[in-house]
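Asker: okay, sequence plus prediction incoming.
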Amino acid sequence: MRKLASLVAVAGLAIGLMFVPPPGRPVPDAPPSLSAAPYTVCPLVEAARRSTTLVMAGAPGAAEVMVFSAGEIVVDEPWQNPDAGATSLTIDDLTGLTFAPSLIALPVGGAEVSTVLVGSGVAAVPCQTGSSDSVSLPGGSTSEGETFVVVLANPFAGQARVTVGASSEVGIESDPALERIVVPARSLVRVDLSALLPGRQSMAATVTVLEGRVASAAVQEGDGDVAVWNAAEAAEDWYLPLPIIEGADRFLVLAAPGTAEVAFQLDVYGSDGLVEAWYEGTIPARGQAIVPVGEFLDGAGAVRLVSGGPVTAAVRLVGDGVRVVVPATTPNPSWVLAGPGLVGDVDIHILNPSDFEVRAELGAFGDAVVETVMLPAGAMTTITVPEGDDALRVEGDGDIVVTWTVSVDSGVAGAAGVPTDTTFSE
Amino acid sequence: MAAGMTDLPPSDQPEIPDAVLVTPTPSVVVAVTAVPGVDPSLTLAGVARQNLAVSSVVLVTGQARRAPSDTLVTAATVEEVVASLGPETDYIWILHGDAEPRPDALAALIDEAERHEASLVGSKLLVAGTRDTLEGLGSATDVFGEPYTGLDEGEVDLEQYDVVRDVAFVSSVSMLVRRDLMRGLRALDRTLPPTAAGLDLSQRVRIAGGRVMVAPSSEVFHHRRCGKGDGGWREQAGRMRAMLKAYRPVTLVWMIPFAAIVGVLDSVGSLLLGRWRLIPRYVLAWGWNVFRLPSTITSRRGLARVRQVGDEELFRYQVRGSVRLRTVGSELADRLIGLFDEDRPMARRATEVWNSAGTWGAVGALVAVVIGVRAVFLGSLPVVGHSLPFADSATTTIGRFLGGWNSAGLGSASAIHPSAGLGAFVQAVLLDNPELARSAVTVAAFIAGVFGLGRLASRLKVGGPGAYLGGVVALFGPAAGVLATGGRWSGLIAIGVLPWALSSVVGSRPKTRRSRLGALGISFFLTGLMAALAPFLALAPLLFALAVRLVGRFPASPLRALAATGAGLITIPYLGTHPSLVVNGVPLPVDPALVALAALVVVSLAGMVAGTWRVSALAGAMAFGGLLLARLTGPEVQVAALAAASVGVGLAVAAALRRHETKSVVSWIAVVGGLSVVVLSLPGLAGGRAGLPPDAWGSNLAFVGLEPDGVQRALLVAPEPSRLPGDSRPGPGFWYRLVDVEGPTLDQAVLPTAGPGDLALRAALDRVVSGATLEPGQVLAEFGIRWVVAVDETASALRPVLDAQVDLEVLPVGETILVYANSSARPVALDDLSRSWDRHGAGYSGPVSGGRVRLAIQGNERWGPDWQSEDWWGTVSAEQGVARYEGDAGGRAVLVPVLVLMLVGAVVAVWGREPYR
């Protein structure tokens, strides 16, 4: 009897073992959502050949400017954003370095910072957080008299490695000097494509980050003016306001950084309203496509680029003493325009890409609204704001796209506004 | 006849055949040496029956004794007999009064003496009362005079030694010696007991140029009333005197010191065997010889006059080395093996040992264990999971164990795991060598595990070669594999101890009170040892004893087991401060291979049906019950349950592979199932790391000890807790833990319950991982973190976040490991002049000042001097230059008595062992 009972007991335990599942695989807690970056990188700061002003707009509070060079933080200065929400700082007062890339520790609550370059042309560009992925810089040229430099800034503690790719009307370019470029910690590397690959009318560069994090930007110089713009990650839907600059030709530059060709279409916002699929084409793999704006638009307007794969795009404005590249952007209700008011009278180009009318308000930081405009569906308007304010803000009651240009004697500057989550009326 | 001798009356004379008396050549006088309390009539009758005539028979009674009969010719000493003989006597036959010679014994002696011109011839001695049991056939000695017969106890005479040959000495029980030589050598030394006297005479005969031989054809039965065994201290002293007399000075110069050394070693070895009497015997023997030194010197002078040969002639008939040391060494080995295997297969003669299946099973299992832990010999054990090195200082760890500061994580007053304390005690014994201690404990436990299972199986009547293979399965099988994969080193060691602890509470009741105390002592000691390794195993002996009682047949002692459970108090400080590990904590993945489980089911059930249902039921309940329990509980219970399951699996295999009395299909199924489980366990041997995973942190953290600047910490981050050394805490998307710059050590394996510092660290990690700070190093510096080490997927996940910061420098360490050095780091102990303090035992020390020292630990008021809490950390005064922690007296009050009792238990266990036979 005991034998039978034992047999049953052991069998029962064995069966029980089969049916009781093993302990679950332990899982850690969910990671917190990523915070807004507490910093921004301004890779294009110069302090010798040009005068650079950094403009901060956003939450008031204590910030910190760290100029880095050759592995060191050579300048570490506090920078207070006043209650008005915008301020500027001339880097020339802090350092005499020719190239003085800066890392800005932002005040709590966040802010936008832009770099304004004056001297041998004018230019302005928002600072950025950098990227660990592949980014593109369409809109360059290495034709005679042109200088096209890709700037790679690594303000962080770890080394970075990147590979720079280039495509032009020749096709995909290659050069061993562009492979696996090491960007040491707290250092800046400038890759002069006009020296490596001269004579290209149009060139798009791609920066593939292999290790670390790098802030990539481009500098185009020619005919007495300079254009600067940030690299952008590729996407399938872009908006490009197309302002008129006197004496300048306008080109749409489209680049496909991927390894497959990409079909695209252009929807045009012109005086007749939206014309969908006005133009259809294909961008070769790791190549670029150039579309002269004059072929489909005489006056001011805008274009929506819809593609079958990730692409980047920019509007390139070229003329006598004019070098401007404005990267494509995406709609957002609130925008910050830091710095253009320091250069001259600012033309702010506002596109309403939606199917309904949008009310947009424009003002300076710390001041009341200076202008309100009603934008019909698919319409673009340009508002000129006089020189003086450190930073401007535009806020719509629907999605809008905002870019700006400034024309002064020494050149033309232009850039896209910086979309922000902040609602200024709050 | 000389004066003092008396004639036997004719009527009482033994009958001697007339024919023999007619031819009395050569002339022999028989000297029968009386043995106290023994009637010599049998001997005398034996002499009378000789088929060779003797001239006369003299009974040597000894000085203090009277003749047993007025009619017998008697003499006080052999010397007196020799002195009384004239030249007409050729030989003297010395015969003990408890000997019975065969009728042809004397004739054979004379025949061989004449044929080989030998001066001294001895007989073959057979044990009286048997027909053919050998007692002696002449002997060799070692250089110290210790006899060596080469015979086994009870060896039967098959005439296998019947060769006439020269020997070192012959026994004085029956020896024929030439009268003239005997006279010249002054007969036997009266101060010596029989064997020593024979040795002494033999050596003197040889030195005088005579041959000493044994005549196997001369057979004498010996009643052994004159003494047996080694004859006590007098024989020992006599042998020493014989050698002192015989050797030349040049030999004595080295022989005497060596003899002293051998005496010491023999005494120590015998003490281990429980024979304390050898020490006073040696003392007495040496003392006696010192006392007799003048007469020894006189004898040496007498011998010098007749010396014909050197000591080399003596050496020819001696064995090499020391017979005593060889014997005691053999007995010690036998005893050791007997500890492991009650069948003592190796205690038998060599030929039998190697014919024993048990021996081959044991050897095979040993080979398997050596293969399975070869990493210990080739390098070191892996540092992975809870398999961690011992800390550098044993005394510091013992201090931590006895209520000191627990430095795991951010520090805590909670107790460290008792296995760290146990390891520290071993380390202290092994000259504070942590790696040697860890290796020694591991190897010893694995070997003990194999033989322990053999012992347990023997007590449950399923011993044999299969039991040793069962031991291998217990250590490397499916259940042990779960422990090994989880890096639970202490659990693996516990498997080695558990069978011993279980077998200490089963088996027949010890016969004497002393041995019962010994049994309790060993149970208490083993239970405490086991509880230190896996706290909940403290209950295992009691549960096992109850289960054995339940199934019946085998004797068990639940009461002894209950008393031994008291040793489990050693775990109270630990379990009391880590209650969450009972049911919570990160569990081990208990998921053994399905095929192994299926084979185990077959083994258990077939074993039960095939005839050993009790053992198989116990084994099956342990195996499946242990695995089942391990799936339902927290890590500490899991370790105990899996260790019990491992032993259960091993026992099931032992039962299945035992020698089945009746062969049946089911028994064959059991055997095949058992072999299958053995085969399925073999992969556990592959890595040679005791089944543990490959090293994860042994070499990867070598850098943390570099650039030491006070005590600093490393934050280790991994996607799974099993990838980190010891315990870990769930973090934001990963698991993490802190280790200090010594690297992960066993005393830091278990993390204490999370305190305010741990919560602060967690919040800091959330902040870092969210990317909300550009200076994560600054955030982590508050916790004394100098290094951030991330592995594999975690490295990939953290990299984007930690790529965008300015004070954690990336170090190029390895492909699958990401290491950041914190350029903002601050040491754990830092004074207000930013001077770091170093580790000082379990505390810190640094420059004396009037300021304060910040300690980044979750301290309390026991820290001093003048502890002041600041948030989760605190400060102490720097006035003494030392920061100390006053240990928990409550913990010590529990642990010290238990440890003392364990030690006492071990001593009592040795003292109370059943006498060794």
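Answerer: Happy to help now that I have it. This one's a predicted model, so the numbers in the text were calculated from it and none came from an experiment.
Asker: without its sequence neighbours, what residue ends up closest to B:Asp432?
Answerer: Leaving aside its chain neighbours, B:Asp432 sits nearest to B:Ala394 (5.1 Å; criterion: Cβ to Cβ, 6 or more residues apart in numbering or on different chains). The way it works is simple: take the backbone N, C-alpha and C, and place the C-beta from them, glycine included.
Asker: and that neighbour, how many neighbours?
Answerer: 23 (other Cβ atoms under 10 Å in any protein chain shown).
Asker: state the pLDDT value of it.
Answerer: What the model reports as pLDDT for B:Ala394 is 94.
Asker: repeat that for B:Leu818.
Answerer: Turning to B:Leu818, the model gives it a pLDDT of 84.
Asker: how close does it get to chain A?
Answerer: 10 Å (Cβ to the nearest Cβ, to the nearest Å).
Asker: burial of that residue, as a residue count?
Answerer: The burial count for B:Leu818: 23, using other Cβ under 10 Å.
Asker: that one contacts B:Pro800, correct?
Answerer: No: B:Leu818 is not in contact with B:Pro800 according to Cβ atoms under 8 Å; the separation is 11.7 Å.
Asker: residue of the stretch 451-600 of chain B closest to chain A, please.
Answerer: B:Pro587 (3.7 Å; Cβ to the nearest Cβ).
Asker: helix or strand for that residue, which one?
Answerer: Assigned by DSSP states H and E, B:Pro587 belongs to no helix or strand.
Asker: likewise for B:Gly129?
Answerer: Using DSSP H and E, B:Gly129 is not contained in any helix or strand.
Asker: rewinding a little: find the residues that touch each one of B:Leu818 and B:Pro800.
Answerer: Counting by Cβ atoms under 8 Å, 6 or more residues apart in numbering or on different chains, no residue touches both B:Leu818 and B:Pro800.
Asker: which residues of the stretch 1-150 of chain A fall in helices?
Answerer: Secondary structure of the stretch 1-150 of chain A (DSSP state H, counting those that start in this stretch): helices at A:2-19.
Asker: pull up the residues of it that are close to chain B.
Answerer: Listed as neighbours of chain B in the stretch 1-150 of chain A under the rule Cβ under 8 Å from any Cβ of the partner chain: A:2-3, A:6-7, A:9-11, A:13-14, A:16-18, A:20-23, A:25-35, A:37-39, A:66, A:73, A:103, A:105, A:129-130, A:132.
Asker: apply 6 Å and report the result again.
Answerer: Residues of the stretch 1-150 of chain A lying close to chain B (Cβ under 6 Å from any Cβ of the partner chain) are A:3, A:6-7, A:10, A:13-14, A:16-17, A:20, A:22-23, A:26, A:28-29, A:31-32, A:34-35, A:38-39, A:105, A:132.
Asker: quick one, what contacts the spatially closest residue to A:His349 that is not a sequence neighbour?
Answerer: Spatially, and ignoring its direct neighbours in sequence, A:His349 is nearest to A:Pro241 (4.3 Å; Cβ to Cβ, 6+ apart). With contact taken as Cβ atoms under 6 Å, 6 or more residues apart in numbering or on different chains, A:Pro241 is in contact with A:Ala302, A:His349, A:Leu351, A:Thr403.
Asker: 7 Å instead, please
Answerer: Contacts for A:Pro241 (Cβ atoms under 7 Å, 6 or more residues apart in numbering or on different chains) come out as A:Ala302, A:His349, A:Leu351, A:Met380, A:Val401, A:Thr403.
Asker: now it, which residues is it bridged with?
Answerer: On the basis of DSSP bridges, A:Pro241 is bridged to A:Ala302.
Asker: pLDDT score assigned to the residue of the stretch 451-600 of chain B closest to chain A?
Answerer: 87.
Asker: quick check: closest non-adjacent residue to it.
Answerer: Closest residue in space to B:Pro587, ignoring its immediate chain neighbours: A:Pro23 at 3.7 Å, by Cβ to Cβ, 6+ apart.
Asker: now do B:Ala75
Answerer: Among residues not flanking B:Ala75 along the chain, B:Val81 sits closest, at 4.7 Å (Cβ to Cβ, 6+ apart).
Asker: what helix or strand is that neighbour on?
Answerer: helix B:78-84.
Asker: before we move on, what about B:Tyr736?
Answerer: strand B:735-740.
Asker: what about that strand and chain A, touching?
Answerer: Yes: contact of strand B:735-740 with chain A (Cβ under 7 Å from any Cβ of the partner chain) involves B:Trp735.
Asker: contacts for that strand?
Answerer: Contacts with strand B:735-740, where a contact means Cβ under 7 Å, 6+ apart, come from A:28, B:407, B:409-410, B:711, B:713-718, B:720-721, B:724-729, B:748, B:751, B:765.
Asker: just the ones of those in helices?
Answerer: B:Leu765 (DSSP state H).
Asker: next, count neighbours for the residue of the stretch 451-600 of chain B closest to chain A.
Answerer: Neighbours of B:Pro587 under the rule other Cβ under 10 Å: 22.
Asker: how about the backbone phi and psi for A:Ser216?
Answerer: phi -110, psi 140 (degrees, to the nearest 10).
Asker: wait, it sits on A:Thr206?
Answerer: No: contact criterion Cβ atoms under 7 Å: A:Ser216 and A:Thr206 do not qualify, at 9.4 Å.
Asker: what secondary structure does the closest residue to chain A within the stretch 151-300 of chain B sit in?
Answerer: Residue of the stretch 151-300 of chain B nearest chain A, by Cβ to the nearest Cβ: B:Gly274 (40.5 Å). Per DSSP: H, G, I helix; E, B strand; the rest coil, the secondary structure class of B:Gly274 is coil.
Asker: would you mark the buried spots in stretch B:750-767?
Answerer: Judged by neighbour count (16 or more other Cβ atoms under 10 Å in any protein chain shown), stretch B:750-767 contains these buried residues: B:750-752, B:754-755, B:757-758, B:760-762, B:764-767.
Asker: re the thing from before, ok, of the residues of the stretch 1-150 of chain A next to chain B, which come out buried?
Answerer: Taking 16+ other Cβ under 10 Å as the criterion, what is buried in the residues of the stretch 1-150 of chain A next to chain B is A:6-7, A:10, A:13-14, A:17, A:22-23, A:28, A:31-32, A:38-39, A:105, A:132.
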